[in-house]
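Enquirer: using only what follows, build the 3D model:
(one chain, ligands or ions: 1)
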Amino acid sequence: MIKPSPANLDLKNRPIGVFDSGLGGLTVVNQLMHYLPQESIIYFGDTARVPYGTKSPETIRKFAIQITQYLQSQGVKFIVVACNTVSSVAMENVIELSSVPVIGVIQPGARAALEKSKIRRIGVIGTSATVAAGKYNSVLLSMAPDVAVFSQACPLFVPLVEEGWIDSEVTEMVARIYLESLMRQSIDTLILGCTHYPIIKETIKKVVDGDVEIVDSAIQTALEVREVLSSKNLLNASGTPPKYQFYVSDFPQKFEDIARRLLGQTPENIRRISLDDCV
Ligand code: DGL
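Expert: As a prediction, this is how the structure comes out:
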């Protein structure tokens with residue numbers, strides 16, 4: 001039997017780095033905790049600069065590069081870009097900069113949608129930047145050339161979620177307006193192409209036709225992280241309890257409430273950091 005080298009062992013025990021523009025990426029953290037309970041996680045939510053989805057690709061790339069540098073400085077073994085906007089606009093920059101494997105949320109979401117869709121008419125909702133980048137369209141078409149994709153930007157959803165307006169009538173009304181035209185396209189599957197949207201999934205469900213399958217890429221992303229870690233022999237096998245660290249660039253009032261709602265527990269170790277100070 002080949003004994004693992006100490007260097008490799010050390011790498012296996014390092015945390016997974018996960019980031020988003022704000023709180024939305026916690027939906028992915030939640031699934032990572034579930035499917036990879038032995039893994040430690042460092043989460044960074046750029047709460048001081050959220051939303052990213054209304055910003056230019058240059059600005060989004062700059063932010064993504066800073067966060068990647070930060071996570072690397074923390075010694076992560078893997079980076080999960082838990083933000084569709086960054087995955088759409090700056091994935092190449094993150095991959096180029098990173099010395100560890102990187103996964104985004106677009107491919108897993110697209111794969112999950114194709115598995116669910118029977119008639120290959122798929123709707124995608126996301127931020128303005130995600131919809132403008134058209135990454136879901138190109139990825140879905142590369143996986144299934146016969147698919148028809150219909151996209152809709154929903155820029156008000158992220159501020160509503162960050163404000164904690166989860167079950168509100170206002171959110172439902174906004175959802176109705178945004179989703180009306182998509183519903184006319186007779187889609188059978190809807191991709192929640194923003195990691196904030198699973199938080200208002202119940203509201204979205206109320207306004208889409210009952211038989212439309214709703215795809216949240218968080219589960220699929222967590223499963224693919226597990227697959228890649230396993231194939232690279234990077235699964236944590238130390239047997240020690242995982243450590244979760246949460247970093248934000250600002251403390252929005254609702255952060256703890258929403259984080260608790262998303263993770264089913266009050267997150268400990270939430271710390272505020274300024275990326276300007278550390279990279
Ligand atoms: N969670 C981010 C995403 O998946 C939200 C984007 C934003 O900050 O506007 O796209």
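
Enquirer: what about the strands in this structure?
Expert: Using DSSP state E, the strands of the chain run over residues 16-20, 41-45, 78-81, 102-103, 121-126, 148-153, 189-193, 213-216, 244-248, 270-272.

Enquirer: how far off centre is the first one?
Expert: Relative to the chain's own centre, strand 16-20 is displaced by 9 Å; criterion: C-alpha atoms, centre = their mean, to the nearest Å.

Enquirer: other SSEs contacting it?
Expert: helix 26-35, strand 41-45, helix 57-73, strand 78-81 (3 or more C-beta pairs under 8 Å, 6 or more residues apart in numbering; DSSP states H and E). All C-beta spots, glycine's among them, are computed from the backbone N, C-alpha and C.

Enquirer: which of these is buried the deepest?
Expert: Mean neighbour counts were taken over the helices and strands packed on strand 16-20 using mean count of other C-beta atoms under 10 Å, and the top value, a mean of 27, falls to strand 78-81.

Enquirer: paired strands for that strand, with orientation please.
Expert: Using DSSP bridges, the strands paired with strand 78-81 in its sheet are strand 16-20 (parallel), strand 102-103 (parallel).

Enquirer: for Thr171, which of these is the nearest?
Expert: Comparison of the strands paired with strand 78-81 against Thr171 by C-beta to C-beta identifies strand 16-20 as nearest, at 19.5 Å.

Enquirer: hang on, the earlier thing: in TSV, list the helices and strands packed on strand 16-20 along with mean pLDDT and distance to the ligand.
Expert: Shown next, in TSV, are the helices and strands packed on strand 16-20 (pLDDT from 0 to 100; distance: least, C-beta to the nearest ligand atom, whole Å):
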stretch	mean pLDDT	distance to the ligand
helix 26-35	95	8
strand 41-45	96	9
helix 57-73	97	9
strand 78-81	98	9
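
Enquirer: output these as JSON lines; include the columns distance to Lys243.
Expert: JSON lines is the format used below for those (distance: least, C-beta to C-beta, whole Å):
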{"stretch": "helix 26-35", "distance to Lys243": "12"}
{"stretch": "strand 41-45", "distance to Lys243": "8"}
{"stretch": "helix 57-73", "distance to Lys243": "15"}
{"stretch": "strand 78-81", "distance to Lys243": "15"}
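
Enquirer: those: which one's closest to Arg184?
Expert: helix 26-35 (28.1 Å).

Enquirer: now do that closest one: distance to the chain's middle.
Expert: Using C-alpha atoms, centre = their mean, the offset of helix 26-35 from its chain centre is 10 Å.

Enquirer: show me which residues of the protein sit near the ligand.
Expert: For the chain, the residues in contact with the ligand (C-beta under 6 Å from any ligand atom) are 20-22, 24, 50-53, 83-85, 127, 130, 158, 194-196.

Enquirer: next, count neighbours for Gln245.
Expert: Residues lying near Gln245 (other C-beta atoms under 10 Å) number 17.

Enquirer: before we move on, what about Pro267?
Expert: Neighbours of Pro267 under the rule other C-beta under 10 Å: 17.

Enquirer: contacting residues for it?
Expert: Shown in contact with Pro267 (C-beta atoms under 8 Å, 6 or more residues apart in numbering): 244, 246, 256, 259-260.

Enquirer: ramachandran angles for it?
Expert: phi -70, psi 140 (degrees, to the nearest 10).

Enquirer: so how far is Arg261 from it?
Expert: 11 Å (C-beta to C-beta, to the nearest Å).

Enquirer: then Lys205?
Expert: Distance, Lys205 to Arg261, using C-beta to C-beta: 17 Å.

Enquirer: list the contacts of the closest residue to Ala175 other than its chain neighbours.
Expert: Of all residues not flanking Ala175 in the chain, Val207 sits nearest, at 4.8 Å (C-beta to C-beta, 6 or more residues apart in numbering). Residues near Val207 by C-beta under 8 Å, 6+ apart: 172, 175-176, 179.

Enquirer: which one of those residues has the most neighbours?
Expert: Ala175 leads the contacts of Val207 on contacts (other C-beta under 10 Å) with 23 neighbours.
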